[in-house]
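**Q** Sequence first, then the predicted structure, then my questions.
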Amino acid sequence: MSLSSLRRRLWIGLLVSSSALLGSAQAPQTGAGTLISGPSLAVSSAADANSGLVNEGQRPNPASFSPGELKELQRRFGVHGPQPRLAQLFTSGVDQLTPLRSHTISRLEGLQPYVLREGRRTGINPMLLAAILFDEMQHAKPGEDLPIAAHSGLFSTHGPAQLGLSEMVKQGLLRPDATPEEIQAARDQLLDPERNVALLAGKLQRILRELPQNPIRTHDVSRLPRHAKTVATLAYLHNGKLDYPTRILRYMQDPELHGVIYGQQREPLSPLI
C-alpha cells in the first residue's frame, strides 16, 4: 500500500471517529424514568412501563437527572448539585482504603439488627439503609461522633447516618424553638446508633411521602429501572450531591454488604474441636 493511500485511510478513519464522538456528545441524556410531570414529581414514565429499556437493550442511567428534574428538585428540596471535582477525587481515594473499608464493615455489622428492624417497620429496603449508613460512616469526619465535640456545636450532623437537628424538627421530634436542654437531648439521640438508624428510616419515609412514592419502590432496584430511579432520587435528596446516588446504587449491589445484612454470623470453631 502506498503512503498516500495509507494517509487517505487514516484521514477517513479520523473523520468517522470525530463524527461519532460529536453525535454522542450532542445526544441528550435519558434517565431511567422522568421525575417531572407538571408541578409534581412522579419518578415514572411511559418508557419504563416497557421494562425501562432503551435502544439496543441498554438501560438508562437511573442516577442521571435532566435539567428540568434538577431545577424542580432544587425548588422543592433545595438540593445543590455535584461535589467540587477535588472533593470527588478525595471521596474516591478514601473508598480505596482497605483498612477503612474493613473498619466501616465492622461498624455496619453492629447496626445490622437495627437496619433489619427498621426495614420491617417502614417497608424500606434494608440494603438502601445499609448503603447510606456505609457511605456516611466511610466518609465521616474524625471525632465528630464524640459527645464533647457534638455538644460543642462544631459539627452540624451526627451519628452513623450523619443527621442533623433540622431533620428531627422536620419529623416533629424537636421544636423549632427548642431550649438548650432539649437540643442537648436531641443531640444525644443523634449520637445513639440505634436511634440514629431509626431517624434515617424516618427521613426516607418523609421524603417518599413528599415525592409521593411507596416504600416498595426501594426494592428490586437491579431489576426494575423505575425503582432504581426512586432510590437514586432518595439518595440525592438525602445527601444533596449529584455523585452520591451512583455510590448508593453501587453499594446496594455490594456482595460484602449483602453478607453483613442478610448473612448469618457464625463464631469460628476452635482448631481443637
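**A** The structure has been received and is ready for your questions. Bear in mind the structure is a predicted one, so any value in this text is a computation, not a measurement.
**Q** Quick check: buried residues in stretch 200-220?
**A** 200-205, 207-208, 211, 213, 215, 217-219 (16 or more other Cβ atoms under 10 Å). In short, each C-beta sits where N, CA and C put it, glycine included.
**Q** just stretch 236-250 next, same as before
**A** Those would be 236-249, for stretch 236-250 by 16+ other Cβ under 10 Å.
**Q** What of stretch 162-177?
**A** By 16+ other Cβ under 10 Å, the buried positions in stretch 162-177 come out as 162-165, 167-168, 174.
**Q** would you list the residues you listed in JSON lines and tack on pLDDT?
**A** Shown next, in JSON lines, are the buried residues of stretch 162-177 (pLDDT from 0 to 100):
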{"residue": "Gln162", "pLDDT": "91"}
{"residue": "Leu163", "pLDDT": "92"}
{"residue": "Gly164", "pLDDT": "91"}
{"residue": "Leu165", "pLDDT": "93"}
{"residue": "Glu167", "pLDDT": "94"}
{"residue": "Met168", "pLDDT": "95"}
{"residue": "Leu174", "pLDDT": "95"}
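**Q** Now render these as CSV, adding secondary structure and distance to Ala140.
**A** Shown next, in CSV, are the buried residues of stretch 162-177 (DSSP: H, G, I helix; E, B strand; the rest coil; distance: Cβ to Cβ, whole Å):
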residue, secondary structure, distance to Ala140
Gln162, coil, 7
Leu163, strand, 12
Gly164, coil, 13
Leu165, helix, 17
Glu167, helix, 16
Met168, helix, 19
Leu174, coil, 22
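**Q** between the residues you listed, which is nearest Gln138?
**A** Gln138 lies nearest to Gln162 out of these, by Cβ to Cβ, at 10.7 Å.
**Q** Contacts only, for that closest one.
**A** Taking Cβ atoms under 8 Å, 6 or more residues apart in numbering as the contact definition, Gln162 lies against 136, 140.
**Q** in what helix or strand does Thr246 lie?
**A** Assigned by DSSP states H and E, Thr246 belongs to helix 244-252.
**Q** Which neighbouring elements make contact with that helix?
**A** When contacts are defined as 3 or more Cβ pairs under 8 Å, 6 or more residues apart in numbering; DSSP states H and E, helix 244-252 sits against helix 126-138, helix 225-239.
**Q** and the angle for it with helix 126-138?
**A** Calculated by axes from the mean of the first three to the mean of the last three Cα atoms, to 10 degrees, helix 244-252 forms an angle of 110 degrees with helix 126-138.
**Q** List the buried residues of the helix or strand following helix 244-252.
**A** Helices and strands here follow DSSP H and E; after helix 244-252, the next one along the chain is helix 255-262. By neighbour count on 16+ other Cβ under 10 Å, the buried set for helix 255-262 is 257, 260-261.
**Q** This structure: strands as residue ranges?
**A** 36-37, 40-41 (DSSP state E).
**Q** Least confident of those, on average?
**A** Mean pLDDT is lowest for strand 36-37 out of the strands of the chain, coming in at a mean of 40.
**Q** rewinding a little: which of the buried residues of stretch 236-250 sit farthest apart?
**A** It's Gly240 and Leu249 that sit farthest apart of those, by Cβ to Cβ, at 16.6 Å.
**Q** Please tell me how far Gly110 sits from Gln253.
**A** Distance, Gly110 to Gln253, using Cβ to Cβ, to the nearest Å: 22 Å.
**Q** Look up how far Pro147 lies from the closest residue to Glu194 other than its chain neighbours.
**A** Leaving out its chain neighbours, the residue that sits closest to Glu194 by Cβ to Cβ, 6 or more residues apart in numbering is Tyr114, at 5.1 Å. For Tyr114, the distance to Pro147 (Cβ to Cβ) stands at 20 Å.
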